[in-house]
Structure formats: C-alpha cells, structure tokens
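[1] Build me a structure from this.
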Amino acid sequence: MLLQRIVQGVFAAAAVLCAGQAAALTADEAKAIASGDTEARVAALNQAVTNADAKTAAFIQAMADDAVRYTADKVFVVKNDKGYDPVTGAELKLPDDAEEVINNNLMRSALDAAQAALKLASPDAAVRAEGAKGLLSSPDESRLPLVEKALAAESDARIKATLELVRAASMLSSPDKARRIEAIKALGESKSPDTKLLLNERLGEEQDPEVKSAIVTAIASIDASLVWGERIGAVFSGISLGSVLLLAALGLAITYGLMGVINMAHGELMMIGAYATYVMQGVFQRYMPEAAFGWYLVAAIPVAFMASALVGAVLERGVIRFLYGRPLETLLATWGISLMLQQLVRSLFGAQNVGVENPGWMSGGLTMLSNVTLPWNRICIIIFAVLVLLAMGWLIGRTRLGLFVRGVTQNRPIASCMGVNTARIDTYAFALGSGIAGLAGCALSQIGNVGPDLGQSYIVDSFMVVVMGGVGQLAGTVYAALGLGVLNKFIEGWAGAVLAKIAVLVFIIIFIQKRPQGIFAVKGRSAEA
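    Numbers count the residues shown, from 1 in each chain. The predicted structure is shown next:
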C-alpha cells in the first residue's frame, strides 16, 4: 500500500516536468526537509515544491507516510524494511542508528499543502480543483511562484477563481502593506466563509490601522452576503422537512382525515416501505450488474407502495372494519399492531439499523452560494413529494375510485343505496393511504438510517399536520406540512432544535384552540348557517 501511494505520488508529480523546467531533488534538500528546526524544514519543503520533479514528489509522499529515516549525513526512504536513496533511488543499507523523522502538526500541514500543490499540474481538472482547495486552507507566501505558474497554465474558470483566492490569501502575510490591502479586497469579494476565517485570523495579527480597517470592511461585506445564504439554506431546509412531513401525512389524510381511523400503526407502514427499499437494494447488489445499481430506487418505489398497501389491506379487512365509528378502540388496536410489526421486523432484519445507499445520481449537491449547497437527495425528495401529491389529488378528484371514496366518506348510507360496495371501498382507501405511507418510508430511507423505530419519529408530527391542516382537507395538509417545516427550521437556527420543537408544539396547541377546524374547515349546514 505504501509503495502504491509513493508510485501514485511519482505519477502525480511527473506532470510538473511537462509544465515547466524542474530542478532535481538534491541530497541537501532531502536532509533539510527531513531534519532540523520545523520552520526551516517547512521553508525547505516549500522551496522544493516550487521546483519539484518526480523524485521530489515521491520523497514528499514518503515523508507524509512516515517512511523516512535519517542519520547525521544521509537520508533514507524506507520501503518494505529496506532503505533507498531519495535522490538516486539506489538501495542502501539502513543503519541501526537511523532516526525516524518526527512530523508535528505544523509539518504535517505543510506536507498536505505540498501534496495539494503538486496536484495543480495534473491533467485531471478534478484533481487540480482538489489541489487548489487544499492550498486555500493553508496559504503561504513562499508558494506564490508555484501558484502564479499554475494560474498562467490553468484554463478551467472555476479552478482559476480558486487559485486567485489562493494567491490573495498567500499575500495576506506579505511585508508589503499595499499587497496585503490588495489581497484583502480580493478575499472580500469572494463572499466565502473560508476567506472570512482567513481574514479573521489576519485581523488578530495585523498591526497597521489602515490594513485593519480594510479587513473589517471586507468581513462586513462577507457577512452581509452570508446572511442571505443562511436564509436561503433555512428556507430550503424548511421546505425539505415540510416535504418529508407531507409524505408522512398524506397517507393519514386518507386513513384519518377521510375515514376517521386513528391509525397508530401508520409509522410502521412507513417502516415497511423503507425496508422494502432496503430489500430492493440487496436484490440489485446481488443479481443486477453494477452499472444498474443506481436504478434500484426507481424499482423500489412500486415495491414499497405495494408492500405497505398489502399490509394495510390485511389490517383493514382483519381488524379495522370491525371498529369503524369507535376511534378510541381503533387507536388501541392499531397501537398493538404497531408493536407487533416492529417485533416482526426485528425478527426478520435484526434490531440494528440497516444502511440504504443513495444512488450515484442522488449524491453531492447543487451549490448556489459559497455557504449554500442543496443536497441532491433532498431536492429529489421534494420533487417526489410534489409528484405523489399531484398523483393523489388526481386519484381522489378525477377517478372513479376517488369518487366512490368521497361518496362513502360524505354519506355512507346513500352511497350504499346507490350500489357502491362500501366495504370494498373502505379496503381500497385504507390500502391507498397505507401505500402512500410506504412511499414516505422509501423517501426517508435516503436521508437517514432504516430501523424498526423509523416510523415513531414521524407519527406524532403526521397527526399534527393533518389536524392543523383540517381533517379531510388535502390542501390544508400541504400548507400545514410546509408551514411547520419552515417555521421549525427558522426557530431551530435561532433557539436550537429542542426549543424549536417545543415552540412549534405550543404554536399548534394555540392554533387549534383558536381554530379547531384547522386551516381549511369542512363545509356543512352548520358551518354555512
């Protein structure tokens, strides 16, 4: 492994030879980097990186891997318990009195920066970008010639912008006052938390009043920009949480809002959907080509829906249909069923959480501002929640099944007189609500661990969303879910997660006290009178 990393270092640095004239590593340079005062070693390392060749890169990699020994007059690179000359590569006898090189935190930081600098010559843009970011975290004025050379050769606009910041950050400690002010202005325009940190560090060291004033102005400019980023991040987080609550509450909007059944096993139906996703992941990993793994989530959506819908249908036919009109008894019965389902899952999959991986196309995020990155998995869940909502609205409002569900909900005796099989419609409606809970579980598997207790985290919030939105009101469920999600995230940023939960609960209690029918009330004769 060590030899492989050293070889990789050699290849990474070989491109430096193509970028410009490089000076070969000398024995004196190797000795200066390996031994002596830390500051002198760092200076020697930075000088060597500026004119690095392949041997220099290999030696730096060996230093980072603690594979270097030295004596009073010689330095050795150790590979497979054998000593090698870092300049010629020839095998040497490793003396018994050879000392290990000691790298403190400052030296390790300099080695990391040196390796990042070597990546600037890579033909791969991703490697060059990684190297530029590494240099930005540890700027040093002695690397300016290397940065200038990389800037002149760079064609990628994003990497070039990062290198400009590296150049400016490297000039922050310049003895030239004009250069420091120039660097401060450039860093202030970046609007980045990283550059703000660099400016704050420099502010504590700066003695010149004019330069201090420039730093304070630049930090204030960055803060003004970061505030908007924090607001955008809070809104997105609130919408993301609201979409999760919406998915969790949509099923309850049918089983509780339309049918009047207090289903305490709703969270376990979500759990079944999450475990169905886990099973589909295993199927794709075992039986499908590796290239097709990213599609397991698409295949898991109908499987999660059908698994939860089937359990819901069995639950309705076996228990719920005997308890219509007795909400307290449905609460007790479904609570017992929820415990049974949890134990069943523990017996099948174990009590520990299981991991569900994000497909490749859901990894990473969309960077909007320097301090705002929107994760693709959250964006996909928001889109998925919208699609499920539209499909459910179309099903309830535009199909024959939806017409029958609404008819049975509004007036069961009249619907029965019109020839509607109310018992069958009850089963279909309950299975539909359960299937949507399964879809919620499928989505939740992409943002957290899947375990037997997954549904317990959302069941209370789901009921609060349905009650606050107005029992049986789909639009109210949407408004309540998004409103509570955004409100929770804004309060969380100000008062913390625990106080945010308490504040939201108090708000819901006060709201229901003032408006017990919810955001949207069901219209009837008494309401219109």
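
[2] what bits of the stretch 201-350 of the chain have low per-residue confidence?
    In the predicted model, the stretch 201-350 of the chain carries pLDDT under 70 at residues 257-258.

[3] Tell me where it has helices.
    With DSSP state H, counting those that start in this stretch as the criterion, the stretch 201-350 of the chain has helices at 209-255, 266-287, 296-318, 327-349.

[4] and Thr427, which of those is closest to it?
    Checking those against Thr427 by Cβ to Cβ gives helix 296-318 as the closest, at 5.1 Å. Heads up, the C-betas are built off the backbone N, CA and C, glycines and all.

[5] Tell me the gap between that closest one and the middle of its chain.
    With Cα atoms, centre = their mean, to the nearest Å as the basis, helix 296-318 stands 28 Å off its chain's centre.

[6] what's the answer for stretch 67-85, then?
    43 Å.

[7] helices and strands of the chain: which one bottoms out on pLDDT?
    helix 2-19 (a mean of 37; mean pLDDT, DSSP states H and E).

[8] State the number of residues packed around the residue nearest to Val78 when sequence neighbours are not counted.
    Nearest residue to Val78 in three dimensions, chain neighbours excluded: Ala67, at 4.9 Å (Cβ to Cβ, 6 or more residues apart in numbering). The number of residues packed near Ala67 is 20, by other Cβ atoms under 10 Å.

[9] that's a strand at Gly83, yeah?
    Yes: using DSSP: H, G, I helix; E, B strand; the rest coil, the assignment for Gly83 is a strand.

[10] Pull the contacting residues for it.
    Shown in contact with Gly83 (Cβ atoms under 8 Å, 6 or more residues apart in numbering): 69, 76-77, 91-94, 98.

[11] Let's see that with 6 Å instead.
    Taking Cβ atoms under 6 Å, 6 or more residues apart in numbering, we find Gly83 in contact with 76, 92, 94.

[12] Please apply the same query to Gly438.
    Taking Cβ under 6 Å, 6+ apart as the criterion, Gly438 is in contact with 273, 304-305, 307-308.

[13] Among those, which one has the most neighbours?
    Gly273 (37 neighbours).

[14] My guess is that residue contacts Phe305. True?
    No: in this structure Gly273 lies outside contact range of Phe305 using Cβ atoms under 6 Å: 7.3 Å.

[15] buried residues in stretch 57-75?
    For stretch 57-75, burial by neighbour count (16 or more other Cβ atoms under 10 Å) applies to 57-65, 67-70, 74-75.

[16] Phi and psi next, for Val68.
    Backbone torsions of Val68, given as degrees, to the nearest 10, read phi -130, psi 140.

[17] how far away is it from Pro86?
    Distance of Val68 to Pro86, given as Cβ to Cβ, to the nearest Å: 8 Å.

[18] Overlap of the contact sets of those two?
    Between them, Val68 and Pro86 share the contacting residues Val77, judged by Cβ under 6 Å, 6+ apart.

[19] Any regions of the stretch 51-200 of the chain where pLDDT drops low?
    In the stretch 51-200 of the chain (pLDDT under 70), the answer is 51, 140, 142-143.

[20] now the strands: where do they sit in it?
    Assigned by DSSP state E, counting those that start in this stretch, the stretch 51-200 of the chain shows strands spanning 68-70, 75-79, 82-84, 91-92, 99-100.

[21] Now the contacts of Gly438 in JSON lines, please, with extra columns for distance to Lys514.
    Formatted as JSON lines, the contacts of Gly438 follow (distance: Cβ to Cβ, whole Å):
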{"residue": "Gly273", "distance to Lys514": "35"}
{"residue": "Ala304", "distance to Lys514": "38"}
{"residue": "Phe305", "distance to Lys514": "37"}
{"residue": "Ala307", "distance to Lys514": "40"}
{"residue": "Ser308", "distance to Lys514": "35"}
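
[22] From the contact counts, what lies against the helix or strand just after the least confident helix or strand of the chain?
    With elements assigned by DSSP states H and E, the helix or strand that comes after helix 2-19 is helix 27-34. Under the contact criterion of 3 or more Cβ pairs under 6 Å, 6 or more residues apart in numbering; DSSP states H and E, helix 27-34 touches helix 38-50, strand 75-79.

[23] any idea of the angle helix 27-34 forms with strand 75-79?
    Helix 27-34 runs at 70 degrees relative to strand 75-79, counting by axes from the mean of the first three to the mean of the last three Cα atoms, to 10 degrees.

[24] which residues touch helix 27-34?
    Here helix 27-34 makes contact (Cβ under 6 Å, 6+ apart) with 41, 44-45, 48, 68, 70, 75, 86-87, 101.

[25] what two of these are the furthest from one another?
    For the contacts of helix 27-34, and using Cβ to Cβ, no pair is farther apart than Arg41 and Val87, which are 17.5 Å apart.

[26] quick one: which of these two has more around it?
    Neighbour count, other Cβ under 10 Å: between Arg41 and Val87, Arg41 has more, with 23 against 18.

[27] and that one, how far is that from Asn104?
    10 Å.

[28] where does Tyr324 fall, phi/psi-wise?
    Dihedral angles for Tyr324 - degrees, to the nearest 10 - are phi -60, psi 140.

[29] tally of neighbours for it?
    17.

[30] what does the one 4 residues further on give?
    Counted with other Cβ under 10 Å, the neighbours of Leu328 add up to 9.

[31] do the one 3 residues further on as well
    Burial of Leu331 is recorded as 15 neighbouring residues (other Cβ under 10 Å).
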